[in-house]
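**Q** Here is a sequence together with a model predicted from it:
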Amino acid sequence: MHGAFYIALLIGPPTALLSCFLVLKGWSLMGDAVSHAVLPGIVLAYIAGFPLIIGAFLAGMFCSLLTGYLDANSRVRQDTVMGVVFSGMFGLGLVLYTKIETNVHLDHILFGNMLGVQTADLWTSGVIGVAVTLALLVGWKDLLLNAFDPAQARAIGLPVRLLHYGLLTILSLTIVATLKAVGLILAIGLLIAPGAIAFLITREFRHMLLAAVLVSTASLTFGVYLSFWLGSDPGPTVILVMTALFVLAFVYRLIRTARTEAGSGA
């Protein structure tokens, strides 16, 4: 349980900050695609005897670059391209997994294993989390402008392509950091829900970043604590807590909008 709480605190801030940019940029499906696409990289790294995180990162970057290339050089829409790429790579990973002998259970890869966190996992998540957090905090203004108006960002001389691929790199690294906690399937919850909740309850982007971090950290710690009393797995419990908070935030937004409209009408 101590390890579960530690890794929850380590991955909360970076996933929350990144989720704000993914929500604003409309990259929810991109996060889902990359999180599924790292599976073949994990399996190939295991076969080659390399650290699994290296295989996961390389597979995530390959998926991102392939998606961008197909989107730029075909008539197919980007969401369609991402759906084809991530499902294909996920299927490849499952086929490869069935051909190897390993003591690593597939459920732990797909859904995480917070209660099995080791010291090396904490170091990996901690180092990646600090690097991602610093990168996002330093470049948030440029990333924000690029998300809202790439043409304006290009016109004032910002390195638009660097910002684009830099965000994809950060996305791949963050997914690697969350593998032990929530696995491949549930990673998208940490990458989208905090930003979506913060978007509903705030008006300024700075406040959105802060709210997302608070929501993510609180959901992770409370989800781990709640799983102990429910006898459930921490990863899915955390995602359920975030889903409940999103529903509450959505209802709050509806009530606030209705009161505003009623006040302006009066």
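**A** Structure's in. What do you need?

**Q** in whichever strand or helix holds Ala16, what's buried?
**A** For Ala16, the element it lies in under DSSP states H and E is helix 2-25. Counting neighbours by 16 or more other CB atoms under 10 Å, one finds that the buried residues in helix 2-25 are 3-25. For the C-beta atoms, the positions are set from N, CA and C on the backbone; glycine is no exception.

**Q** just how off-centre is that helix within its chain?
**A** 8 Å (CA atoms, centre = their mean, to the nearest Å).

**Q** Repeat that for stretch 161-173.
**A** Computed by CA atoms, centre = their mean, the chain-centroid distance of stretch 161-173 equals 13 Å.

**Q** what do you get for stretch 141-150?
**A** 19 Å.

**Q** Kindly report the same for stretch 61-72.
**A** Put simply, stretch 61-72 sits 18 Å off its chain's centre (CA atoms, centre = their mean).

**Q** Pull the residues that contact that stretch.
**A** Stretch 61-72 has contacts (CB atoms under 8 Å, 6 or more residues apart in numbering) with 30, 33-34, 37-38, 41, 76-78, 81-82, 85-86, 89, 165, 168-169, 171-172.

**Q** Contact partners for the closest residue to Leu171 other than its chain neighbours?
**A** Leaving aside its chain neighbours, Leu171 sits nearest to Val34 (5.7 Å; criterion: CB to CB, 6 or more residues apart in numbering). By CB under 8 Å, 6+ apart, Val34 lies in contact with Gly60, Cys63, Ser64, Phe86, Leu168, Leu171, Ser172, Ile175.

**Q** Do I have it right that Ala249 meets Leu200?
**A** Yes. At 4.2 Å, Ala249 and Leu200 qualify as touching, with contact defined as CB atoms under 8 Å.

**Q** His36: neighbour count?
**A** His36: 27 surrounding residues under other CB atoms under 10 Å.

**Q** what mean pLDDT does the helix or strand where it lies have?
**A** Using DSSP H and E, His36 falls within helix 28-48. For helix 28-48, mean pLDDT rounds to 80.

**Q** Flag every buried residue along that helix.
**A** For helix 28-48, the neighbour count (16+ other CB under 10 Å) marks 28-46 as buried.

**Q** got the angle for it vs helix 2-25?
**A** Using axes from the mean of the first three to the mean of the last three CA atoms, to 10 degrees, one finds that helix 28-48 and helix 2-25 are set 130 degrees apart in direction.

**Q** Next SSE downstream of helix 28-48?
**A** Next helix or strand after helix 28-48 toward the C-terminus (DSSP H and E): helix 52-72.

**Q** Return the angle between stretch directions for that following helix and helix 28-48.
**A** Using the same axes, to 10 degrees, helix 52-72 lies at 130 degrees relative to helix 28-48.

**Q** Report the contact partners of Val127.
**A** By CB under 8 Å, 6+ apart, Val127 lies in contact with nothing.

**Q** what about Glu204, how many residues close to it?
**A** 8.

**Q** now that we're looking at it, how far away is Ala56 from it?
**A** Using CB to CB, to the nearest Å, one gets 34 Å for the distance from Glu204 to Ala56.

**Q** Is Thr221 in a helix, a strand, or coil?
**A** helix (DSSP: H, G, I helix; E, B strand; the rest coil).

**Q** for the spatially closest residue to it that is not a sequence neighbour, what are its contacts?
**A** Closest residue in space to Thr221, ignoring its immediate chain neighbours: Ala8 at 5.4 Å, by CB to CB, 6+ apart. By CB under 8 Å, 6+ apart, Ala8 lies in contact with Met114, Ala181, Thr217, Leu220, Thr221, Gly223, Val224, Pro234, Val238.

**Q** residues contacting the residue nearest in space to the middle of the chain?
**A** The chain has Leu191 as the residue nearest its centroid, 2.8 Å off, counting by CA atoms, centre = their mean. Applying CB under 8 Å, 6+ apart to Leu191 gives the contacts Thr15, Leu18, Ser19, Leu22, Gly31, Ser35, Leu171, Thr174, Ile175, Thr178.
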